[in-house]
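K.L.:
Quick one, structure for this:
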Amino acid sequence: MAAARGLVERGRRAAAGAARGAALALLTALAGLSAGAPARADLSDDAARVARMWSLSGARVARLPPLFIEHGRVRVVAVDPPPAGAAAVAGAAGASGAAGPKAEECLTVVFLAPRTVEFTLEPDSFAGEPSALEGLVHRLRGRDPEDERRIHSVAGAAAILRCGAAREGLRRVAVEVLSTRGAFDVVVAASSGPPERLESILPERVSGPIAPRGDPGRPAEPGPLDARVARAARRARAEGAPRVAPIDMRASSVGTGQFSVKLSEGCHRLDLMAEVPGVAVRRATDLDAEAREAGTGRLLGRDRSDAPDTRLDFCLGEPGVVEVPFLGAAGPVKVVLSDAQWPMPSHVPGYFGARARGNLAFALQRRRAPAPRAQAIVEAVGAQGDTLVPVQVEPGRCYFAAAALVRGEMRALRISVELGDRAARDDAGEHSEGAGVAFCSEIEESAAVRVSARGGSPVWVLSVWPMD
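P.N.:
Below you'll find the predicted structure:
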């Protein structure tokens, strides 16, 4: 009996020791988990939280494969009601797994992206789609029915809810990214009624009220005219302009006028500055101006900013007369046009025409590229659409590629260069007809230059120069 009691006592002590060891191991594991994995919420965590909360309320939930969408590409996503048992897939133990879609149940789809991503959702169809007459009324009132179909994201999240027969409109959802690009997690739920609102599950994605704009006050005083003219001339000479020539005129009683100046070939920067009257009560000085070719009326540059002075940059392939209308002076005051001139860069070809020559020069000027010291190694001509031009390059050398409009009307012009695993691109700015990009070869012997042109029958030219 004593031996039996000793055996039982030793068993109890062994069990207690094992229990203490297990508890100690558990505490150690929890401490290591809390120290080694700091709490953080990422895109997958947000999607899992939404799926878990909806599942706990009895909804059938499924998560679709992640998406990655670039700007300008619309992705159509097929949305099917979650099957039976989908709640367990979402990770909610004990959630309802009742199956089959019912006629009166609701279908909800939510798209989650990083909070800085902006996008829109558009269902394939929706209940209460406007008739042709209602669509005409919307357009006459300045509203597009297509815009009313779209759902805009807030802090990287957007959801669509449809119940009953309207669920069929969620079979396909078009996603368009307004930002540069975005990664998405998609959660789909089928429930007997509307599920918990996304704002209550992800309160950190809720935006607060928009503050009133307030009154910024009067525009800043630009200062004395002579000092501003001298400052513009110093700035141009510091950037390499060999010649700066100011001319002046007096504006009309309402602060408008027009310069007509004969300019040489090359690149020009026109700074327009108006005198500020000395009287206490006067109109604010805010010049707006544009430059156009006399005769053709082709727009060379435009500045409608809120600054007191205005600046126009462009290049001319041949001498010509440029008309510069302006408005925004504070009455019949003195207005000065300061013309800073840069010579036409060497080795910019003229046999494509004066317009193309000026646009190629402006692509170099806009990117602050030095003048080429050798002839172009590649020249090509293209038209509307995307054109790929292969270019042979030397390892260890740099190049500059420029695309410029020859004739036609341009809405968008882009040049991009792919070199190994690297890429660079440039878009022609507003009111610009030339774009350029610099690139360097490391060990590569070829590069792919792509020119994309959109507009009214555009014809463009491409030049690639080696650079020192």
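K.L.:
okay, and for the stretch 51-200 of the chain, where does confidence drop off?
P.N.:
For the stretch 51-200 of the chain, applying pLDDT under 70 flags the ranges 84-103, 124-149.
K.L.:
Which residue ranges make up the domains of the chain?
P.N.:
Domain ranges of the chain: 43-203, 225-342, 354-467, per automatic domain parsing.
K.L.:
May I see the ones you listed arranged in JSON lines, with mean neighbour count as well?
P.N.:
Placement of C-beta: from N, CA and C, glycine included. Output for the domains of the chain, formatted as JSON lines (neighbours: other CB atoms under 10 Å):
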{"stretch": "domain 43-203", "mean neighbour count": "17"}
{"stretch": "domain 225-342", "mean neighbour count": "17"}
{"stretch": "domain 354-467", "mean neighbour count": "18"}
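K.L.:
Save those domains as TSV, and put in distance to Val348 too.
P.N.:
Converted to TSV, the domains of the chain look like this (distance: least, CB to CB, whole Å):
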stretch	distance to Val348
domain 43-203	32
domain 225-342	8
domain 354-467	5
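K.L.:
how near is the residue lying closest to Ser346 once chain neighbours are set aside to Ala47?
P.N.:
Spatially, and ignoring its direct neighbours in sequence, Ser346 is nearest to Ala371 (5.1 Å; CB to CB, 6 or more residues apart in numbering). According to CB to CB, to the nearest Å, Ala371 and Ala47 sit 54 Å apart.
K.L.:
right, and Glu293 touches Gly301 too?
P.N.:
No: in this structure Glu293 lies outside contact range of Gly301 using CB atoms under 8 Å: 11.0 Å.
K.L.:
Can you tell me the element Phe111 falls in?
P.N.:
Using DSSP states H and E, Phe111 maps to strand 106-112.
K.L.:
would you put the C-alpha positions of that strand in CSV?
P.N.:
What follows is strand 106-112, C-alpha atoms only, in CSV (Å, rounded to 0.1, in the frame of the first residue of the first chain):
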residue,chain,number,x,y,z
CYS,A,106,-28.8,40.7,-50.7
LEU,A,107,-25.5,40.6,-52.5
THR,A,108,-22.7,42.9,-51.4
VAL,A,109,-19.2,43.4,-53.0
VAL,A,110,-16.5,45.5,-51.5
PHE,A,111,-13.2,46.5,-53.2
LEU,A,112,-10.4,47.4,-50.9
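K.L.:
got the contact list for the residue nearest to Ser346?
P.N.:
Pro345, Ser346, His347, Leu364 (CB atoms under 8 Å, 6 or more residues apart in numbering).
K.L.:
One more: Gln384?
P.N.:
Ala453, Arg454, Gly455, Ser457, Pro458.
K.L.:
Can you redo those as a markdown table, where the extra columns are secondary structure, pLDDT and distance to Ala233?
P.N.:
A markdown table is the format used below for these (DSSP: H, G, I helix; E, B strand; the rest coil; pLDDT from 0 to 100; distance: CB to CB, whole Å):
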| residue | secondary structure | pLDDT | distance to Ala233 |
| --- | --- | --- | --- |
| Ala453 | strand | 93 | 37 |
| Arg454 | strand | 92 | 39 |
| Gly455 | strand | 90 | 37 |
| Ser457 | strand | 90 | 41 |
| Pro458 | strand | 93 | 37 |
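K.L.:
between the residues you listed, which is nearest Val276?
P.N.:
Gly455 (40.7 Å; CB to CB).
K.L.:
returning to that earlier point: pull out the buried members of the contacts of Ala371.
P.N.:
By neighbour count, with 16 or more other CB atoms under 10 Å, the contacts of Ala371 hold Pro345, Leu364 as buried.
K.L.:
which of the contacts of Ala371 has the weakest pLDDT?
P.N.:
Lowest pLDDT among the contacts of Ala371: Ser346, with 89.
K.L.:
my guess is that residue meets Pro370, correct?
P.N.:
No: contact between Ser346 and Pro370 fails when scored by CB under 8 Å: they sit 10.1 Å apart.
K.L.:
Helices of the stretch 101-250 of the chain, residue ranges please.
P.N.:
Assigned by DSSP state H, counting those that start in this stretch, the stretch 101-250 of the chain shows helices spanning 132-140, 145-149, 198-201, 225-238.
K.L.:
meant to ask about the stretch 251-400 of the chain
P.N.:
Counting by DSSP H, counting those that start in this stretch, the helices of the stretch 251-400 of the chain are 354-366.
K.L.:
show me where it has strands.
P.N.:
257-263, 266-274, 288-293, 299-303, 310-316, 320-327, 334-342, 378-382, 385-392, 398-419 (DSSP state E, counting those that start in this stretch).
K.L.:
Out of those, which is closest to Ala158?
P.N.:
Nearest of these (CB to CB): strand 398-419, 27.8 Å.
K.L.:
helices or strands next to the following helix or strand past the closest one in the packing?
P.N.:
Following strand 398-419 in sequence order, the next helix or strand is strand 422-427 (DSSP H and E). Strand 422-427 is packed against strand 398-419, strand 434-440, with contacts defined by 3 or more CB pairs under 8 Å, 6 or more residues apart in numbering; DSSP states H and E.
K.L.:
Identify whichever of those lies nearest to Asp288.
P.N.:
Nearest of these (CB to CB): strand 398-419, 22.7 Å.
K.L.:
Quick check: Ile415 vs Val451, distance?
P.N.:
Counting by CB to CB, the gap from Ile415 to Val451 is 5 Å.
K.L.:
Next, show the common contact partners of these two.
P.N.:
With CB under 8 Å, 6+ apart, Ile415 and Val451 have common neighbours Ala403, Leu462.
K.L.:
doesn't Thr310 make contact with Ala289?
P.N.:
Yes: with contact defined as CB under 8 Å, Ala289 counts as touching Thr310 (4.6 Å).
K.L.:
Find residues that contact each of those two.
P.N.:
With CB under 8 Å, 6+ apart, Ala289 and Thr310 have common neighbours Leu272, Asp303, Phe326.
K.L.:
Run through the neighbouring helices and strands of the helix or strand where Val464 lies.
P.N.:
According to DSSP H and E, Val464 maps onto strand 446-467. Packing partners of strand 446-467 (3+ CB pairs under 8 Å, 6+ apart): helix 354-366, strand 378-382, strand 385-392, strand 398-419.
K.L.:
quick one: strands adjacent to the third one?
P.N.:
Looking back up the chat, that one is strand 385-392. Sheet pairing for strand 385-392, assigned by DSSP bridges, gives strand 446-467 (antiparallel).
K.L.:
For the strand it pairs with, what is the distance to the chain centroid?
P.N.:
Offset of strand 446-467 from its chain centre (CA atoms, centre = their mean, to the nearest Å): 22 Å.
K.L.:
Based on its surroundings, how many neighbours for Gly350?
P.N.:
Residues lying near Gly350 (other CB atoms under 10 Å) number 14.
K.L.:
picking that back up, which one of the domains of the chain lies closest to Arg218?
P.N.:
domain 225-342 (6.9 Å).
K.L.:
The helices and strands packed on strand 422-427 into a markdown table, with extra columns for mean pLDDT and distance to Ser260?
P.N.:
Below are the helices and strands packed on strand 422-427 laid out as a markdown table (pLDDT from 0 to 100; distance: least, CB to CB, whole Å):
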| stretch | mean pLDDT | distance to Ser260 |
| --- | --- | --- |
| strand 398-419 | 93 | 25 |
| strand 434-440 | 94 | 25 |
